[in-house]
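**Q** Quick one: sequence and predicted model below, then my questions.
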Amino acid sequence: MDTLSQELFDEISKIPCVNSHSHISPEIDRIAEAPDALAFFKHAYPASDLVSAGMTNEQMKTALEPGLPLAERWTIFEPYFRFTRLTGYSQCIIEGFRDLLGFSDLTAETVEPISDALREHSKPGFYHEVLQRRSNIALTVINMEDLIEVDRTLFLPLPRLNRFSMLHSADQVQAIEKDYDVSITNLAEHVEVIRQVCRDWKRATVAGVKMSQSYHRCMDFTARQKEDAARVFDGLMRGEYAGLESEEGVLLEDYLVFECCRAASDADLTIQFHQGIRAGNYGSMEGCTPAPLTELFQAFREARFDLSHAGYPYLREGAVLGKTFSNVYLNMSWIHIISPIGSRLDLREWFQMVPYNKIIAFGDDLQHVEAVYGHLKMARQNFAIALAEMIREGLVSESLVLDVAQAAFHDNPAKVYGVSD
Ligand SMILES: [Zn+2]
């Protein structure tokens, strides 16, 4: 970074970040897990790069899981890591090791000492040290299925409505009846349960609700007749249902996604959609594009829709939605490490395209706090470099760009998730 970008980076780092999307496990579980340096690459993102580079499942298991001595595991890991070490997924891990543990790189020589240092620093209270003191994260939104309690000094829960909206069988409805202590015999009762769950979650102070439809379908939800959806639901309860991917499954899901949005909106809960590429390997790209969501966005103008991953790689398409729909927010979670430069270039365009109260700068979408630290550093660098370019072009003053960063890293996500501090 040049001097101006570095200056901005230092200022941006002083802004407490509201982290919009995470999968960090409870500290007690992380301490018990005691990952070594190579175990960090078992996470779905760096692992997918290693698979893409040619690593087999067998090699993955031997290299990344405990068993053989670290030096031997390294010899299996290195021939693939040499090709993935430049990717954002690897870089965020290395950044974390560098700044938090003091090792400039992950190599044959450092893999053992980094692993020792990881064990050494993973002590009770180290989440506060890494997330609050070193990363300057005010609060982290945690993805989960049903609502479970979290350490509220660090985290804010974001439960999913997936199990209510993606129905596979009557067993699934029975499991909901059991878990939520309710009775569901028809579609209207099922919808009433969704509405009650949203009200309960609102009272329990959650960040919003999450839905992940784009992992299995195109996001082209359309309004359906209640009677048609009720007929499909009745069939499902009788065991006569062709499944979620069938024509009737799509119809029922369309109806339920509309009802989930209505319930969340009525309960004043933000609706976060996974919107962009799918994790893992060999995934379909169906569902990445956010454009088909317009009917839903038009139907619920009072709702808050948070596009998590902003439609990556269709960021410009997402930006048109952020620009023209007052109820749509562009959430940059995950994408600073999917493509560090791609995110920065799009951000540069967004600044002159989208009102900046619609941009949410950061969500780690990771599990290990060291990698979260590295990812946030990369996001702050992206903002610093993109904003410095605007100053150099004479488009804005330094004080205004800090307002932009303050909004994107803190004020916007705080408002969208109801965080007060
Ligand atoms: Zn995620």
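**A** Perfect, thanks for sending it.
**Q** now the helices for the stretch 151-300 of the chain?
**A** 162-165, 170-180, 187-203, 226-237, 247-266, 294-299 (DSSP state H, counting those that start in this stretch).
**Q** Export the ones you listed as a markdown table, with columns for distance to Tyr282 and mean pLDDT.
**A** All C-beta spots, glycine's among them, are computed from the backbone N, C-alpha and C. Shown next, in a markdown table, are those (distance: least, C-beta to C-beta, whole Å; pLDDT from 0 to 100):
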| stretch | distance to Tyr282 | mean pLDDT |
| --- | --- | --- |
| helix 162-165 | 22 | 98 |
| helix 170-180 | 26 | 98 |
| helix 187-203 | 33 | 98 |
| helix 226-237 | 29 | 98 |
| helix 247-266 | 23 | 98 |
| helix 294-299 | 28 | 98 |
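**Q** now those helices in CSV, with distance to Gly96?
**A** Output for these, formatted as CSV (distance: least, C-beta to C-beta, whole Å):
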stretch, distance to Gly96
helix 162-165, 30
helix 170-180, 36
helix 187-203, 32
helix 226-237, 46
helix 247-266, 34
helix 294-299, 36
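**Q** what stretches of the chain score poorly on pLDDT?
**A** 421 (pLDDT under 70).
**Q** which residue packs closest to the residue lying farthest from the centre of the chain, ignoring adjacent ones?
**A** Distance from the C-alpha centroid of the chain peaks at Arg238, with 36.4 Å (C-alpha atoms, centre = their mean). Leaving aside its sequence neighbours, Arg238 sits nearest to Ala170 (C-beta to C-beta, 6 or more residues apart in numbering; 7.7 Å).
**Q** residues touching that neighbour, list them.
**A** Applying C-beta atoms under 8 Å, 6 or more residues apart in numbering, we find Ala170 in contact with Leu236, Met237, Arg238, Gly239, Tyr241.
**Q** What's the PyMOL line that selects buried ones from the residues you listed?
**A** Buried residues within those, by 16 or more other C-beta atoms under 10 Å, are selected in PyMOL with:
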select buried, resi 236+237+241
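**Q** pretty sure Arg262 is touching Leu296, no?
**A** No. With contacts counted by C-beta atoms under 8 Å, Arg262 stays clear of Leu296, the gap being 10.4 Å.
**Q** Arg30 versus Arg119, what's the distance?
**A** In this view, Arg119 and Arg30 are 12 Å apart by C-beta to C-beta, to the nearest Å.
**Q** can you list the domain ranges for this protein.
**A** 35-121, 127-416 (automatic domain parsing).
**Q** which helix is the longest one in this structure?
**A** helix 369-392 (DSSP state H).
**Q** Can I get that one in CSV? Just the C-alpha atoms.
**A** Extracted C-alpha coordinates of helix 369-392, given in CSV (Å, rounded to 0.1, in the frame of the first residue of the first chain):
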residue,chain,number,x,y,z
VAL,A,369,-10.5,-16.4,14.8
GLU,A,370,-7.0,-16.1,13.4
ALA,A,371,-8.3,-16.3,9.8
VAL,A,372,-11.1,-13.9,10.8
TYR,A,373,-8.4,-11.4,11.8
GLY,A,374,-6.6,-11.9,8.5
HIS,A,375,-9.8,-11.5,6.5
LEU,A,376,-10.8,-8.3,8.2
LYS,A,377,-7.3,-6.9,7.6
MET,A,378,-7.7,-7.6,3.9
ALA,A,379,-11.2,-6.0,3.8
ARG,A,380,-9.8,-2.8,5.5
GLN,A,381,-6.9,-2.8,3.0
ASN,A,382,-9.4,-3.0,0.1
PHE,A,383,-11.4,-0.1,1.5
ALA,A,384,-8.3,1.9,2.1
ILE,A,385,-6.9,1.4,-1.4
ALA,A,386,-10.3,2.0,-3.1
LEU,A,387,-10.9,5.2,-1.1
ALA,A,388,-7.4,6.5,-1.6
GLU,A,389,-7.9,6.2,-5.3
MET,A,390,-11.0,8.4,-5.0
ILE,A,391,-9.1,11.0,-3.0
ARG,A,392,-6.3,11.0,-5.6
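**Q** Can you name every helix or strand that it contacts?
**A** Packing partners of helix 369-392 (3 or more C-beta pairs under 8 Å, 6 or more residues apart in numbering; DSSP states H and E): helix 3-13, strand 17-22, helix 88-96, strand 137-144, helix 335-338, helix 340-351, helix 398-406.
**Q** For His43, which non-adjacent residue is closest in space?
**A** Gln367 (5.8 Å).
**Q** That neighbour: what's it in contact with?
**A** The neighbours of Gln367, taking C-beta under 8 Å, 6+ apart as the test, are His23, Ile24, Ser25, His43.
**Q** quick one: it is in a strand?
**A** No. Gln367: not assigned to a strand; according to DSSP: H, G, I helix; E, B strand; the rest coil it is coil.
**Q** Could you give the number of residues near the nearest residue to Asn382 once chain neighbours are set aside?
**A** Excluding the flanking residues, the one nearest Asn382 by C-beta to C-beta, 6+ apart is Arg344, at 4.3 Å. Neighbour count of Arg344, defined by other C-beta atoms under 10 Å: 19.
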